[in-house]
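Undergrad: okay, here's the prediction I keep looking at, along with the sequence it came from:
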Amino acid sequence: MAVPQDLFYAKTHEWVSLNEGIATIGITDFAQSQLSDLTFVELPEVGATFSAGDEVAVVESVKAAADVYAPVAGEVIEVNSELEDSPELINKDSFGAGWLFKLKVVKESEVDNLLDAESYEELCPPE
Amino acid sequence: MKAWSVSFNQPVSYQDGLDIQRRILKARQEDRIPDTVLLLQHQPVVTLGNRGRDNYLLKTKEEYTAMGIDLFRAERGGDVTFHGPGQWVIYPIMHLGGSDAGSHGYLFNLEEIALRTLADYGIEGFRRECKSGAWTDAGKIAAIGFRLKKWVSFHGMSFNVSNDLTGFGTIVPCGLEGEPVASLKTILADACPAMEPVGDSLLNHFAKVCKRDLERFDLAGEMPAELAELIRDE
């Protein structure tokens, strides 16, 4: 299973890409594969603020609903509105077009609490 | 991996079942207990999933109340369903986000438990594409809907044994119009087994399919103090 090397990971299977104080966040390929075909995504409001570990979004497949957590604290500055009509983007490209939301992070050093690709891979089932 | 199960010998109200699940969910998220599966029957209740649609309810709230049926919107995935005595419900509260996650995925595993239980009684069950659950020639016999919080599952699967199926007539089950609902009783008639052996089958197959070493308890008997506290809210 693909785990990009340049991202940070939460134990709850979110990924974070940090760029100039803006964190782009999505769920990992492992997460989408466990949930199977997604049919709905409940995204946060732009402007809402969250602490690390807060419930931010819900992703839903036909029979499952799963909470998505903020890996770091911040304010929502953008959500991926394409997912409203095309939640399957998460299944097709979880690390790219299937991103969920962007946070203006409060403290960039919070990513140090997250896992690197190697540690995250150890958390997932062997191929 | 070690896991616990708790069997309930009396039907449980939906609210009580939910309260118990939430306490166990929290304890499991905090790693205070192993994976725990509840096996129970509910008092009559219609539940809608997180995104379940009201137009699949064919009665008003007042009419449900008059029929002795509770109505709940649950936070699980899936659409509308009916629970009542004579139907087993299994609620596995399991950590799914780790390296022991099954390669087929949890939904597949739940279906597999239902299909193997059917096979124990000589019934051929099958999956249908885009229509999750377990099916027989006579109709749908097991329905699935679950939620993950911090990658711990709750809610789960119901399996019709000898329940009165008229409750399903008050809804469009799972939003699937024109699809019949079956039970072991409608298929096996007088040969329908009692509830207990079917419950045992479900737990046996849960243990095998999910690869859990199951330590079984029932509500009336002894159980670890930390579990009793969560179940009985002492």
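TA: Received, thanks.
Undergrad: can we go C-alpha only for contacts and neighbour counts from here?
TA: OK.
Undergrad: show me the strands in chain B, by range?
TA: Using DSSP state E, the strands of chain B run over residues B:2-7, B:35-40, B:45-48, B:70-73, B:81-83, B:87-93, B:126-128, B:131-136, B:139-149, B:152-160, B:213-218.
Undergrad: counting by contacts, list what the first one packs against.
TA: Just to be clear, that refers to strand B:2-7. Using 3 or more C-alpha pairs under 8 Å, 6 or more residues apart in numbering or on different chains; DSSP states H and E, the elements in contact with strand B:2-7 are strand B:35-40, strand B:213-218.
Undergrad: and the contacts of that strand?
TA: With contact meaning C-alpha atoms under 8 Å, 6 or more residues apart in numbering or on different chains, strand B:2-7 is reached by B:34-40, B:203, B:212-219.
Undergrad: just the buried ones out of those, please.
TA: B:34-40, B:203, B:212, B:214, B:217 (16 or more other C-alpha atoms under 10 Å in any protein chain shown).
Undergrad: if I read this right, residue A:43 contacts residue A:55, doesn't it?
TA: No. If you go by C-alpha atoms under 8 Å, residue A:43 and residue A:55 don't touch, sitting 10.5 Å apart.
Undergrad: so those two - more neighbours on which side?
TA: More crowded of residue A:43 and residue A:55, by other C-alpha atoms under 10 Å in any protein chain shown: residue A:43, with 19 against 16.
Undergrad: list the contacts of the more buried one.
TA: Applying C-alpha under 8 Å, 6+ apart, we find residue A:43 in contact with A:56-58, A:79, A:100-101.
Undergrad: between those, which sits nearest chain B?
TA: Proximity of these to chain B, judged by C-alpha to the nearest C-alpha, is greatest for residue A:58, which lies at 9.6 Å.
Undergrad: now do the contacts for that closest one.
TA: A:41-43, A:65-68.
Undergrad: A strand includes residue A:78, no?
TA: Yes. Applying DSSP: H, G, I helix; E, B strand; the rest coil, one finds residue A:78 inside a strand.
Undergrad: list the residues that contact it.
TA: A:46, A:101-103.
Undergrad: next: residue B:140.
TA: Counted by C-alpha under 8 Å, 6+ apart, residue B:140 has contacts B:133-134, B:179-182.
Undergrad: drop anything exposed from those residues.
TA: Neighbour counting with 16+ other C-alpha under 10 Å marks B:133-134, B:180-182 as buried within the contacts of residue B:140.
Undergrad: residue nearest the centroid of chain A?
TA: Central residue of chain A (C-alpha atoms, centre = their mean): residue A:26, 2.3 Å from the mean position.
Undergrad: touching, it and residue A:12? I think so.
TA: No. Applying C-alpha under 8 Å, one finds residue A:26 not in contact with residue A:12, separated by 11.1 Å.
Undergrad: name the helices or strands packed onto the helix or strand bottoming out on mean pLDDT in chain A?
TA: When each helix and strand of chain A is scored by mean pLDDT, DSSP states H and E, helix A:29-35 comes last, with a mean of 89. Using 3+ C-alpha pairs under 8 Å, 6+ apart as the contact test, the elements touching helix A:29-35 are helix A:88-92.
Undergrad: name the SS class of whatever residue of chain A ends up closest to chain B, please.
TA: Closest contact between chain A and chain B, by C-alpha to the nearest C-alpha, is at residue A:125 (3.8 Å). Following three-state DSSP, the label given to residue A:125 is coil.
Undergrad: please report how far it lies from residue B:114.
TA: 25 Å (C-alpha to C-alpha, to the nearest Å).
Undergrad: who's the nearest residue to residue B:82 once chain neighbours are set aside bridged to?
TA: Spatial nearest neighbour of residue B:82, excluding adjacent residues (C-alpha to C-alpha, 6 or more residues apart in numbering or on different chains): residue B:46 at 4.5 Å. Per DSSP bridges, the residues bridged to residue B:46 are residue B:71, residue B:82.
Undergrad: what is the neighbour count of residue B:224?
TA: Neighbour number of residue B:224 under other C-alpha under 10 Å is 9.
Undergrad: can you check the one 4 residues further on too?
TA: Using other C-alpha under 10 Å, residue B:228 has 16 other residues around it.
Undergrad: distance check, it against residue B:143.
TA: The gap separating residue B:228 from residue B:143 is 28 Å, by C-alpha to C-alpha.
Undergrad: residue A:43 now?
TA: When residue A:43 is compared with residue B:143 (using C-alpha to C-alpha), they lie 27 Å apart.
Undergrad: again, but for residue B:215
TA: Taking C-alpha to C-alpha, one finds residue B:215 at 25 Å from residue B:143.
Undergrad: residue A:66 now?
TA: Taking C-alpha to C-alpha, one finds residue A:66 at 18 Å from residue B:143.
Undergrad: who has more neighbours out of these two?
TA: Shown here are residue A:66 and residue B:143; by other C-alpha under 10 Å, residue B:143 has more neighbours (28 against 24).
Undergrad: so what's the more buried one closest to, chain neighbours aside?
TA: Per C-alpha to C-alpha, 6+ apart, closest to residue B:143 is residue B:133, 4.9 Å.
Undergrad: for residue B:171, same thing?
TA: residue B:57 (4.7 Å).
Undergrad: assess the claim that the one you found and residue B:168 are in contact.
TA: No. With contact defined as C-alpha under 8 Å, residue B:57 does not reach residue B:168; the gap is 9.9 Å.
Undergrad: compare neighbour counts for the two and give me the winner.
TA: Shown here are residue B:57 and residue B:168; by other C-alpha under 10 Å, residue B:57 has more neighbours (23 against 19).
Undergrad: for that one, what are its contacts?
TA: Residue B:57 neighbours (C-alpha under 8 Å, 6+ apart): B:80, B:170-172.
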